[in-house]
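Visitor: Turn this into a structure:
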Amino acid sequence: MSRLLAAALLVLGCTSAPPQIALDLDECRFCRMIISDERFASAAITSGGRTVRFDSIECLAGWVAAEDEPPRALWVTDRDRPGTLIPADEARFAKVAGEHTPMGGGWQGFRAAEAPPGAIAWDSLATLVRLEQAP
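Guide: Numbering: from 1, shown residues only. Predicted coordinates:
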């Protein structure tokens, strides 16, 4: 029984690590484009424990809005460290003038301490993206 408990704790302890994204191989769960730019990729862990990947923050937010069950975790790329995922609830979000994201929304994630003035939290971003994507 102690081996089973140790294995379960090991699995649970590993779920806090950022998911891996295979550039030019993984497909965005929301728009179905191939994820090819490490500056904008994001990921989620579903309520069932599956990892799903996205080519932009806008796609991640759109997917979250469409899901019946809230995800276990959300991860976004740190704009200042391409390829590095940070928890979405610890990030702040802003549009950066002159920079284009894969889906054209312009949203980028920053570590909270490094975010530009006016950057917003995940909940605010998710609401804005839902409004932007509404028919």
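Visitor: Excluding covalently adjacent residues, which one is nearest to residue 73?
Guide: Among residues not flanking residue 73 along the chain, residue 45 sits closest, at 4.3 Å (C-beta to C-beta, 6 or more residues apart in numbering). All C-beta spots, glycine's among them, are computed from the backbone N, C-alpha and C.
Visitor: Now do the same for residue 108: helix, strand or coil?
Guide: Look at residue 108: counting by DSSP: H, G, I helix; E, B strand; the rest coil, its state is strand.
Visitor: beta partners for it?
Guide: Judged by DSSP bridges, the bridge partners of residue 108 are residue 94.
Visitor: Pairing partners for the residue nearest to residue 73 in the sheet, please.
Guide: Under the criterion used (DSSP bridges), residue 45 bridges to residue 51, residue 73.
Visitor: Contacts only, for residue 58.
Guide: 101, 103, 104, 105, 107, 129, 132, 133 (C-beta atoms under 8 Å, 6 or more residues apart in numbering).
Visitor: Which parts of the protein are strands?
Guide: 42-45, 51-54, 73-77, 85-87, 91-95, 107-111 (DSSP state E).
Visitor: residue contacts, residue 23?
Guide: 35, 36, 37, 38, 41 are the contacts of residue 23 under C-beta under 8 Å, 6+ apart.
Visitor: Around the residue lying closest to the third one once chain neighbours are set aside, how many other residues sit close by?
Guide: For residue 37, ignoring the flanking residues on the chain, the nearest one in space by C-beta to C-beta, 6+ apart is residue 102 at 6.2 Å. Other residues within reach of residue 102 by the criterion other C-beta atoms under 10 Å amount to 21.
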